[in-house]
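**Q** show me how the following folds:
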Amino acid sequence: MTRIYKKFALVVPTLNEAENIILVLNRVITALSRLQVPWVILVVDDESNDGTPEIVRRYAESESRVRLLERSSQRGLAGAITHGWSHSDADLVGVIDADLQHPPELLPKLINGVCNGFDIAIASRYLEPRSVDSWNPARKALSRLSVLASVPVQKPTLRVKDPLSGFFVLRHECIAGVHFQDTGFKLLLEVLAKGHINSVTEIPFKFAIRHRGTSKAGAMTAFYYFWLLCKLSREAFFGR
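**A** Have a look, this model is predicted:
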């Protein structure tokens, strides 16, 4: 079954990504230009102090399909994503990181996955071997343990290989009326656990090294992930 969508909205969360954002936008636009569905790119910035908002504003002057949304006194990748989605009337939504570790060229495959009948299409790091070879052994081990820890809160009929991916596309209808965390960094796991999702497809990709700038991952990332696991476990056992 092929679904037809009226608009696709892609959120690009940013926090001090001045060195990457122009290349990200250029590659995303090139990838989306091959699609039939109309689209918009929503750059959601959390008070960058390196000039990222100014760069996006200048870029949007010549590309009306790029919009800048600025959040004040707020932090958290998950909240930035849902903030962007809530400011669009698109019936198909997605997210991609601004550090070029996710290849924008995969967007048509993700969008086609949803158009071909799946509720959500996920870019997965764990479908093919050697896809995370750029990581050191400690990071690989931590990531695998994080995925393993997510199994109890995933729906038994909806288990995926990479529930912590930050690169995915889904039908907006699947999250309508669902409240998600405003803080934290791992939105997909919560979408899979709480969203109205019945079918999923995963598409493999090789995780690249950060293009430029500094990673935002750290101790708080781990803290918020542990907090999310506890929250989802409580909701699974005792109801929302």
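**Q** helix, strand, or coil at Glu54?
**A** When classified by DSSP: H, G, I helix; E, B strand; the rest coil, Glu54 comes out as helix.
**Q** tell me how far it lies from Asp45.
**A** Computed as C-beta to C-beta, to the nearest Å, the Glu54 to Asp45 distance reads 10 Å. No exception for glycine: its C-beta is placed from N, CA and C like everyone else's.
**Q** which one of the two is surrounded by more residues?
**A** Between Glu54 and Asp45, Asp45 has the larger neighbour count (other C-beta atoms under 10 Å), namely 21 against 12.
**Q** how far off centre is the longest helix anywhere in the chain?
**A** Secondary structure assigned by DSSP state H gives helix 219-238 as the longest helix of the chain. Its chain's C-alpha centre and that of helix 219-238 lie 18 Å apart, by C-alpha atoms, centre = their mean, to the nearest Å.
**Q** same question for that helix, mean pLDDT?
**A** Summarised as a single mean, pLDDT over helix 219-238 is 71.
**Q** likewise for stretch 45-63?
**A** pLDDT averaged over stretch 45-63 gives 97.
**Q** sort out which residues of it are buried, please.
**A** By 16 or more other C-beta atoms under 10 Å, the buried positions in stretch 45-63 come out as Asp45, Asp46, Ser48, Thr52, Pro53, Ile55, Val56, Tyr59, Ala60.
**Q** TSV for those residues, including distance to Arg67?
**A** Shown next, in TSV, are these (distance: C-beta to C-beta, whole Å):
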residue	distance to Arg67
Asp45	11
Asp46	16
Ser48	16
Thr52	14
Pro53	12
Ile55	14
Val56	9
Tyr59	10
Ala60	6
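**Q** nearest to Val191, of the residues you listed?
**A** Asp46 (20.0 Å; C-beta to C-beta).
**Q** got the contact list for the closest one?
**A** Pro13, Thr14, Leu15, Arg71, Gln74, Arg75, Gly76, Ala80 (C-beta atoms under 8 Å, 6 or more residues apart in numbering).
**Q** please name the nearest non-neighbouring residue to the third one.
**A** Residue nearest to Leu15 in three dimensions, not counting chain neighbours: Asp46, with 4.8 Å by C-beta to C-beta, 6 or more residues apart in numbering.
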